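Enquirer: sequence first, then the predicted structure, then my questions.
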Amino acid sequence: MRQLALVALLLVGAAAAQPVTRFGLSPDAYAAYERWVLAMCIGGDEQALARDLARFAPELVPAFQRAISEGPTALEIDQVRDAAQALYDRRAKLPLQELEVTGVTRADLARFARQSRAAFVDDQVKRFTTGYRANAIAALGMIGDARARSLLTRIARNPRDPLAAAAREALRKTREPR
């Protein structure tokens, strides 16, 4: 009896030692989720990633639906904020008057130089958050079920939603032959 209790205790301890992933995803599904939502542009090994999304679709569809509404984690936002602050500091040290910059107007350069640190950082965080959510929308367009397509349709029909264009594109891709 004592051995059975010890085995049960070890099993409970082992279960508790498993890493906890966002949305309760399995570690492999979470790896595919993270690779997808954190991608700045999907390219390179897109086919392999698409296969992973399809392979874990039953787990990932609800996770991507939640990612659309919840966005990135506080830790991910903090990391982007820190990186944006460091980038702003490096950018502020550039001697723009001494450099020849092509492809940008003088007005754009002046606006670039006048932008405050807070405005720059906030813009970078906003872009990251919107991109993260748009990536979740794109994934649902690839692997989503009827309920996911209904969510995408609601987003696509809202002209004030910054994700409407991404949702329309995801819906368009659901109709294309694969």
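Expert: That came through fine. All of these numbers come straight from a predicted model, not from anything done at the bench.

Enquirer: look up how far Ala136 lies from Ile155.
Expert: 11 Å (Cβ to Cβ, to the nearest Å). Where C-beta positions appear, they are placed from N, C-alpha and C, glycine not excepted.

Enquirer: the more surrounded of these two?
Expert: Higher neighbour count among Ile155 and Ala136: Ala136, with 27 against 22, using other Cβ atoms under 10 Å.

Enquirer: quick check: the more buried one touching Val37?
Expert: Yes - contact criterion Cβ atoms under 8 Å: Ala136 and Val37 qualify, at 5.7 Å.

Enquirer: could you tell me which residues touch both of the two?
Expert: 64, 67 (Cβ atoms under 8 Å, 6 or more residues apart in numbering).

Enquirer: longest single helix anywhere in the chain?
Expert: helix 117-143 (DSSP state H).

Enquirer: that one - what's its average pLDDT?
Expert: Mean pLDDT, computed over helix 117-143, is 95.

Enquirer: that helix packs against which elements?
Expert: Applying 3 or more Cβ pairs under 8 Å, 6 or more residues apart in numbering; DSSP states H and E, one finds that helix 117-143 makes contact with helix 27-37, helix 46-55, helix 57-70, helix 74-92, helix 146-156, helix 164-175.

Enquirer: mean pLDDT lowest for which of the ones you listed?
Expert: helix 46-55 (a mean of 86).

Enquirer: so for the longest helix of the chain, what gets flagged as buried?
Expert: In terms of neighbour count (16 or more other Cβ atoms under 10 Å), helix 117-143 has its buried residues at 120-121, 124-125, 128-129, 131-143.

Enquirer: follow-up on the earlier one: list residues touching both of Ile155 and Ala136?
Expert: Ile68.

Enquirer: the longest helix of the chain: how far from the chain's middle?
Expert: 6 Å (Cα atoms, centre = their mean, to the nearest Å).

Enquirer: same question, stretch 23-41
Expert: Per Cα atoms, centre = their mean, the centroid offset for stretch 23-41 relative to its chain is 9 Å.
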